[in-house]
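A.B. asks: need a structure here:
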Amino acid sequence: MNLFMTNKLNLSFTDTEKVTKIYSNSSKNIFGKSENYHMFFCEGLILTKKIKSKFKITYFRKKNLLFHYINKTVFLGKVEDKNIFIHNISFGEKTKTSLNQVKFFNKKIKKEEISRSSFSDLRTIFANLSLKDSSIAGIAKSLINWKLTNTFCTKCGEKFANPINFKWETQCIACKKIYFPRIDPVIIVIVVKGNKALIGRSHHFPKKLYSCLAGFIELGETLETATRREILEEVGVYINNIKFITNQPWPFPSSLMFGLIAKAKNKKLKIDKNEIEDAFWISKQELKQVLYGKNNNIIAARKGTIARFLLEKWVKNEI
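C.D. replies: Model prediction:
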C-alpha cells in the first residue's frame, strides 16, 4: 500500500511544494517593495487574524510600529507572487513595561489599530488554518526558532552576524563554516493486535488526550529499529510487520514524523512512567466513538496530525 504524502491526506504543514527558496540578491529596501509580505513571531507565537472560527496569517506590506522591534529576519521564500519574510520581534532593555512581551505587543497592536490580530500558539490553532497557511506557518516557525537558538559557530565560537541576504542557512564570517537548519526524525506508530489498537498519552498532553506512541530516531537506527525500541521501552510490547504509511513535517520545534503501523506480539503492558503517563488497548468500535467526540473520558489526537490520520485510517480498515 503506497500512501506517500499527497495534499489529499489533509495533514497540516504539508503543502510546501509551492514555496520556492529564491533568495533576494539584495537586502536593500525589503520593506518598500509591494511584492514583499512580512509575517511576525514573538516568543514562539505567530501573529494571526481570527475570522469567525478560522485563523489566517497576518501579513504586512507596509511598515508599522512592529518593524521597530525586529531582532531577526529570515526570507522564507516565494509563494506565487509573494516574497515572504519572517520576523521575530522583541523589546529591548530600554522599554519600560511591567507586561511580558506578548501582552506588550498585543496591546500595542490593539491600541495603534494596526490590524485585528494577535499572537497565537500555532500548536493550538493549526487545525483552524488553511492547508496553505499551516504549511507556511510551519516552515516559518521552524526557521525562526532555528535562527534564534543557533547564534554561535560550533567550530570556532564566533557569534553569527545577521546575513544580508536573509538566507535559510547561516555562514560563520570567521571560519566560513556553513550551517543548515536541521530536522529531527521521529517515528509515530499505531500498534494493533486483532481488533484493538494501542493508544497512550505523554506527560505534557492536554487533559484526556490520547494518541499514537512516538519517539525520536537515534544514531544508527532505521525506522524499524527505532520503532521496535520505542514501543518496547514505553509499554513492554514486542512488535513485527512494521509498515510505513505516510510522513508529516512537525514544527514543534522541527521534526519529520514517520507514520507507521505495526502488529503486536503480546498484549500485556509494562508501562514505563518515566516515558509516558498512560497507555491502554482500545477496540475499533470504542475508538470510532472517541474520534466522533462521543466519549467524555478520552479525546483523540487533533485533526490535521499524523496520529489522527493513522487512527482514522485504521478504524476505516484502510491501513
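A.B. asks: quick one: mean pLDDT over stretch 240-250.
C.D. replies: Averaging pLDDT along stretch 240-250 gives 97.
A.B. asks: give me the contacts around that stretch.
C.D. replies: 1, 3-5, 9, 11-14, 16, 138-139, 142, 183, 186, 189, 223-224, 227-228, 255-263, 265, 305-306, 309-310, 313, 319 (Cβ atoms under 8 Å, 6 or more residues apart in numbering). Where you see a C-beta, it was placed from the backbone N, CA and C, and this is true even at glycine.
A.B. asks: what about the helices in the stretch 201-319 of the chain?
C.D. replies: Along the stretch 201-319 of the chain, counting by DSSP state H, counting those that start in this stretch, helices occupy 223-235, 284-291, 306-315.
A.B. asks: which elements pack onto the last one?
C.D. replies: Yep, that's helix 306-315 we're talking about. With contacts taken as 3 or more Cβ pairs under 8 Å, 6 or more residues apart in numbering; DSSP states H and E, helix 306-315 sits against strand 184-193, strand 196-201, strand 239-250, strand 255-264, helix 284-291.
A.B. asks: domain map for the chain?
C.D. replies: Split into domains by automatic domain parsing, the chain comes to 7-179, 184-315.
A.B. asks: need phi/psi at the most centrally placed residue in the chain.
C.D. replies: What sits nearest the mean C-alpha location of the chain, by Cα atoms, centre = their mean, is Pro251, with 2.2 Å. Phi and psi for Pro251, reported as degrees, to the nearest 10, are phi -90, psi 40.
A.B. asks: isn't it right up against Lys141?
C.D. replies: Yes - contact criterion Cβ atoms under 8 Å: Pro251 and Lys141 qualify, at 4.5 Å.
A.B. asks: any residues in contact with both of these two?
C.D. replies: Leu122.
A.B. asks: so where's this structure shaky on pLDDT?
C.D. replies: 1-9, 24-28 (pLDDT under 70).
A.B. asks: one step back: JSON lines for the helices and strands packed on helix 306-315, including mean neighbour count and distance to Val74?
C.D. replies: Below are the helices and strands packed on helix 306-315 laid out as JSON lines (neighbours: other Cβ atoms under 10 Å; distance: least, Cβ to Cβ, whole Å):
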{"stretch": "strand 184-193", "mean neighbour count": "21", "distance to Val74": "19"}
{"stretch": "strand 196-201", "mean neighbour count": "22", "distance to Val74": "34"}
{"stretch": "strand 239-250", "mean neighbour count": "19", "distance to Val74": "16"}
{"stretch": "strand 255-264", "mean neighbour count": "21", "distance to Val74": "19"}
{"stretch": "helix 284-291", "mean neighbour count": "17", "distance to Val74": "37"}
